[in-house]
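**Student:** The sequence and its predicted three-dimensional model are supplied below.
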Amino acid sequence: MTEPYKILGMPEERGVLVVVDHASNNVPSDINLGIDPALLEEHIAYDIGVANVARYMSETPGYLSILGTVSRLVTDLNRFPDEDGVIPRKSDGVEILGNAINPAEKAARLDRFFHPYHDRVAALIRDMDPVLTLFLHSFTPKLRTESAEVRPWEIGVLYNEYEAASRLAIQFLEQEQLVVGDQQPYSGKDLHATMKRQAEDIGKAYTEIEIRQDMVAEETGQRRFAEILLRICDKMRTGLA
């Protein structure tokens, strides 16, 4: 039985919580998505690289990470439970035939993965009272369609109504000499389910960071961005105090 989350690091009051919805491309053996298994190595299945970025960050005292443990094609944890996309039928042009399930099957899958994950995130935020919650993702340099443009940003910062932490993140990331997208490659006002329910709606400071996947596909890049994010989060903790 696949556990719906993995926790790395040691809890510390007023520390930083790193939340990684799309950390894994794992598909439990009793779920058949009806797709070519090779697709599980692509961006439609998970956020490439960020699980290890979070793992390296969690080696530093004061940083705790929670990682989702199933592919976003099984259950997309960065959706609201009543959205169609929470169990996607299509992703970047790929039909997910095995996700043509009935309402009872959908409810069972959410009860198995989605709700336990979000309940645990909520409990960590309640118990830790983090000074900052970092929602960590990665994005593909180019979508599958031939007409899709290459995305030039090395890292993006997303937010919804609460902007204070994200404004600091943009400032500090630019000081790292990175090409930073403000609400790029897409807007946090359009896709914000986890950060809204787990931080914004309860008045907690947060930002969402998206790293371009070719920057963190290998260990060298993963360690580099872990160090960068540790530096900027430490500065943000001071700036938000």
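**Tutor:** Arrived safely.
**Student:** My guess is residue 74 contacts residue 109. True?
**Tutor:** Yes: between residue 74 and residue 109 there is a contact under C-beta atoms under 8 Å: 7.2 Å. Placement of C-beta: from N, CA and C, glycine included.
**Student:** OK, contacts around residue 9?
**Tutor:** Residues in contact with residue 9, defined by C-beta atoms under 8 Å, 6 or more residues apart in numbering, are 57, 58, 59, 60, 63, 64, 65.
**Student:** same thing but 10 Å
**Tutor:** Residue 9 is in contact with 15-18, 54-55, 57-66, counting by C-beta atoms under 10 Å, 6 or more residues apart in numbering.
**Student:** Now it: closest residue in space that isn't a chain neighbour?
**Tutor:** Using C-beta to C-beta, 6 or more residues apart in numbering and skipping the chain neighbours, the partner closest in space to residue 9 is residue 58 (3.4 Å).
**Student:** Need the pLDDT of the one you found.
**Tutor:** The model reports residue 58 with a pLDDT of 97.
**Student:** neighbours around it, how many?
**Tutor:** 21 (other C-beta atoms under 10 Å).
**Student:** quick one, phi psi at it?
**Tutor:** Dihedral angles of residue 58 (phi, psi; degrees, to the nearest 10) stand at phi -70, psi -10.
**Student:** Can you give me the distance of it to residue 85?
**Tutor:** Here residue 58 is placed at a distance of 29 Å from residue 85 (C-beta to C-beta, to the nearest Å).
**Student:** again, but for residue 140
**Tutor:** Per C-beta to C-beta, residue 140 is found 17 Å from residue 85.
**Student:** Look at the two and report which has more neighbours.
**Tutor:** Shown here are residue 140 and residue 85; by other C-beta under 10 Å, residue 140 has more neighbours (18 against 15).
**Student:** residues contacting the more buried one?
**Tutor:** Applying C-beta under 10 Å, 6+ apart to residue 140 gives the contacts 42, 43, 44, 47, 48, 92, 148, 151, 185, 212, 213, 214.
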